[in-house]
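Student: What follows is a protein structure lacking sequence information:
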C-alpha cells in the first residue's frame, strides 16, 4: 500500500473508540458491584463538599465571619503555609499550616476549649486545606468549626482588616497585630457564638486524660 | 512485501525491533501498575482528580471510575501488542494530557495553595510536584517514540510489520 498512514489513522480511531468504550463499561460495571459505589455524577461545589456527616453545612458566610472576627467571638485559623500567612492574612487569624499540622496540634489543644468557635480558611474556591483542617479539628472533638470558603481572597476583596506584609501598604487600616490576636484566646473563657447553644454533652479531650 | 495479517489481531506476533518492544513493554507495565491502586480506591482517586481543579465537578467521578480502567486496558493492549495503533495513540494522548495538567498546575502554584500532592507532612514546598513532572516527562519519551514509530516510521504499520523472514529494511 502506498499511503498506509490514512489506514493507520482510521485504525487508531476505531481502536481508540473501542478502548474507551471497553474501559467505560468495565469501570462502570466494577463500580456497580462495589460495596460502596461512587455516584456517577457528583457535585463538587463547596456547598456539597462542606457538610458534616449529618448534613449540616460547615460554611460560614463572609458577613458572619466578619462579625465573628471583629467581636472576637471565634478563633480564626489560617490553614495556608507560613509564607503565605506572613504575606497577608485575616487580621484576627493565626496560622495553623495544614501541611505541618502535627507541629501545631498542641498549640491548638492548649489554647482553645472544645466548644470554641473556630473558623478555618485558605485561599481559592476549591482549596481543600481549610476543609482538611476543619475536619481534623472536628475529629479532635471541636464541635463548632466552620469554613470560610475562599476566605483570604474574599476577605481581602471586601476590604476587611488584614495583617501581615500586605497590610503595611495601606490595604489594612492598622498594622500587623496578628500576634496580639493570637494571645487573646488563652482558653480562659469558652468562646461561644451568642444565641447558639450547644446541648451536646461535654466530651473530654483525649489529650487531657494523658496530662 | 505486502502485509499478510490484518484485522484485530494483526499486531500479535509480529516481528519488531528491540527498542519499540522495550518501549511498549515499559509503558504497558507502568500503565498497569498505575491503574491498580486507582481501581482499588476510586473515591481517593476522585479526590485526586478533583484536586487537579481542571475538570468540571460533574465529570470528576466518571473520570475517576473510567480512567483507571482505561490505563489497565491500554497497558494490557500495549504489552500484548493488540490494537497497536489505537493503544499507542491513546497512551500518547494520555501522557500528553497528564503532563499538561501537571505543568499547568505547577505553573499556577496549585501545590502550594492546595497541597494537592501532600497526604503526609513530609513535603516542604513544591519539590514533589516538580518531581512528578520530571517523572512524567521521562515516560513521555517512550510514548513519543512509540507514536512516531507506529505512525510515521517506514510507511509500514510497524518497523517489522512483515512476517516474512526478510531482515529489517535498510532504507
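Tutor: In hand now; what should we look at? The structure displayed is predicted, hence computed values, not measured ones. Numbers count the residues shown, from 1 in each chain, chains lettered A, B, ... in the order given.
Student: Excluding chain neighbours, what is closest to the residue in chain B that chain A sits nearest to?
Tutor: Proximity of chain B to chain A (Cβ to the nearest Cβ) peaks at residue B:86, 2.2 Å away. To be clear about C-beta, it is placed using only N, CA and C from the backbone, and glycine gets the same treatment. Take residue B:86 and drop its neighbours on the chain: the residue closest to it by Cβ to Cβ, 6 or more residues apart in numbering or on different chains is residue A:15, 2.2 Å away.
Student: Closest to the centroid, which residue in chain A?
Tutor: Nearest to the mean C-alpha position of chain A, by Cα atoms, centre = their mean, lies residue A:130 at 1.8 Å.
Student: thought that one was touching residue A:151?
Tutor: Yes - between residue A:130 and residue A:151 there is a contact under Cβ atoms under 8 Å: 6.6 Å.
Student: which residues are common contacts for those two?
Tutor: A:120, A:121, A:122 (Cβ atoms under 8 Å, 6 or more residues apart in numbering or on different chains).
Student: Moving C-terminal from the helix or strand bottoming out on mean pLDDT in chain B, which element do we reach first?
Tutor: Every helix and strand in chain B was compared by mean pLDDT, DSSP states H and E; the lowest is helix B:110-114, with a mean of 47. Sequence-wise, the next helix or strand downstream of helix B:110-114 (DSSP states H and E) is helix B:127-151.
Student: so does that next one get close to chain A?
Tutor: Yes - applying Cβ under 8 Å from any Cβ of the partner chain, one finds helix B:127-151 touching chain A at B:150, B:151.
Student: Flag the shaky bits of chain A, pLDDT-wise.
Tutor: A:1-5, A:168-211 (pLDDT under 70).
Student: Helices of chain A, start to end?
Tutor: Applying DSSP state H to chain A gives helices spanning A:4-32, A:46-49, A:62-70, A:82-87, A:101-111, A:129-140, A:151-157, A:178-183, A:206-210.
Student: before we move on, what about chain B?
Tutor: Under DSSP H, chain B gives helices at B:18-40, B:42-52, B:57-80, B:84-107, B:110-114, B:127-151.
Student: worst average pLDDT in the ones you listed?
Tutor: Ranked by mean pLDDT, the helices of chain B end with helix B:110-114 at the bottom, a mean of 47.
Student: Would you mind listing the residues in contact with the single nearest residue of chain A relative to chain B?
Tutor: Among all residues of chain A, residue A:15 sits closest to chain B, at 2.2 Å; criterion: Cβ to the nearest Cβ. By Cβ under 8 Å, 6+ apart, the residues touching residue A:15 are B:83, B:85, B:86, B:87, B:89.
Student: Switch these over to CSV; also include neighbour count.
Tutor: CSV is the format used below for those (neighbours: other Cβ atoms under 10 Å in any protein chain shown):
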residue, neighbour count
B:83, 28
B:85, 24
B:86, 23
B:87, 30
B:89, 24
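Student: picking that back up, the residue of chain B closest to chain A: what's it in contact with?
Tutor: Taking Cβ under 8 Å, 6+ apart, one finds A:11, A:12, A:13, A:14, A:15, A:16, A:17, A:18, A:19, B:77 in contact with residue B:86.
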